[in-house]
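S.K.: I would like to see how this sequence folds:
(one chain, ligands or ions: 2)
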Amino acid sequence: MLFDTHVHLNADQFEDDLEETIQRAKEAGVHYMTVVGFDRKTIPKAMEIAENHDHIYAAVGWHPVDAIDMTQEDLDWIEELSSHPKVVAIGEMGLDYHWDKSPADVQKDVFRKQIRLAKKVNMPIVIHNREATDDIVEILKEENAGEVGGIMHCYSGPVETAQECIDMNFMISLGGPVTFKNAKLPKEVAKAVDMKHLLVETDCPFLAPHPNRGKRNEPAYVKLVAEQVAELKGLSFEEVSEVTTANALNFFGIKA
Ligand SMILES: [Zn+2]
Ligand SMILES: [Zn+2]
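M.R.: Ligands and ions are numbered 1, 2, ... in the order given. As a prediction, this is how the structure comes out:
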């Protein structure tokens with residue numbers, strides 16, 4: 001049994017075959033998923049999917065790329081949704097220096113506001129990081145985010161930073177890149193980090209694991225991520241599935 005901790009089944013890419021995609025995931029042993037909404041369009045869709053499916057949960061937050069669009073109303077809306085029984089985390093939030101739609105100072109402000117909100121409602125956070133590792137760790141420390149903890153989603157930084165995050169009560173979630181032949185860091189992290197701090201995810205429809213790289217990603221493929229983690233750690237696939245699923249259920253506070 002697997003838990004895909006980060007999916008965007010609410011993306012346009014799944015509009016035509018959402019139910020079939022969920023069915024394929026079930027057939028691949030993916031019993032649980034967390035669908036992530038990060039703006040005015042994807043949050044309602046994430047809520048709808050979570051409400052209509054057993055074992056599918058939602059995370060709601062505001063993406064750093066669109067930080068410049070977030071209003072106080074949006075923040076209040078996220079706070080309101082946080083009390084919904086299917087909402088298990090706030091996010092994704094963080095910093096993304098790859099795209100320049102939102103200036104860094106605006107991204108940082110929106111990130112801090114969401115950490116404070118998560119602490120107010122006592123929920124863990126989901127962190128999106130692109131080319132911003134140092135600033136993210138600094139803000140997590142300054143805001144004392146360890147109080148609620150969270151997930152470093154699709155983690156691709158160095159082992160030392162992973163350890164710093166673990167020390168702050170964060171889980172390390174590995175995605176498709178761990179299966180890429182040229183991805184050195186995620187493989188090192190998979191080997192070094194203790195199983196009790198690891199989760200698996202697809203981040204679908206993006207970042208499809210090998211050998212589906214470049215295609216539309218989907219939750220069924222999280223199996224490929226777990227298989228790669230098993231190989232790197234010298235464990236069985238069953239063991240990795242079992243432990244990462246138990247970690248996720250425990251982390252999100254879900255009673256199996
Ligand atoms: Zn992300
Ligand atoms: Zn995402």
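S.K.: Buried residues, the longest helix that the chain contains. List them.
M.R.: Of all segments of type helix in the chain, defined using DSSP state H, the longest is helix 104-121. Across helix 104-121, burial judged by 16 or more other CB atoms under 10 Å covers Gln107, Lys108, Val110, Phe111, Lys113, Gln114, Ile115, Leu117, Ala118, Lys119. The C-beta positions use only the backbone N, C-alpha and C, and glycine is treated the same way.
S.K.: For the fifth one, give me its contacts.
M.R.: Read that as Lys113. Contact analysis of Lys113 by CB atoms under 8 Å, 6 or more residues apart in numbering lists Met70, Leu75.
S.K.: go again using 6 Å as the cut-off
M.R.: For Lys113, no contacting residues are found, by CB atoms under 6 Å, 6 or more residues apart in numbering.
S.K.: re the thing from before, quick one: name whatever helix or strand follows the longest helix of the chain.
M.R.: strand 125-130 (DSSP states H and E).
S.K.: check whether that next one contacts ligand 1.
M.R.: Yes. Applying CB under 5 Å from the ion, one finds that strand 125-130 is in contact with ligand 1 at His128.
S.K.: What is the very next helix or strand once past that strand packed up against?
M.R.: Next helix or strand after strand 125-130 toward the C-terminus (DSSP H and E): helix 133-142. On a contact count with 3 or more CB pairs under 6 Å, 6 or more residues apart in numbering; DSSP states H and E, helix 133-142 meets strand 87-96.
S.K.: what does the strand it packs on contact?
M.R.: For strand 87-96, using CB under 6 Å, 6+ apart, the contacting residues are 36, 38, 57-61, 64-65, 81, 107, 111, 114, 118, 123-130, 132, 135-136, 252.
S.K.: cool, stretch 150-170 as well?
M.R.: By CB under 6 Å, 6+ apart, the list of residues contacting stretch 150-170 reads 6, 124-127, 133, 137, 140, 146, 149, 171-173, 175, 177, 185-186, 188-189, 192-193, 197, 203.
S.K.: what does the protein put close to ligand 1?
M.R.: For the chain, the residues in contact with ligand 1 (CB under 5 Å from the ion) are Glu92, His128.
S.K.: now the strands: where do they sit in the chain?
M.R.: Ranges of strands in the chain, per DSSP state E, are 2-7, 30-37, 56-60, 87-96, 125-130, 150-152, 170-174, 198-200.
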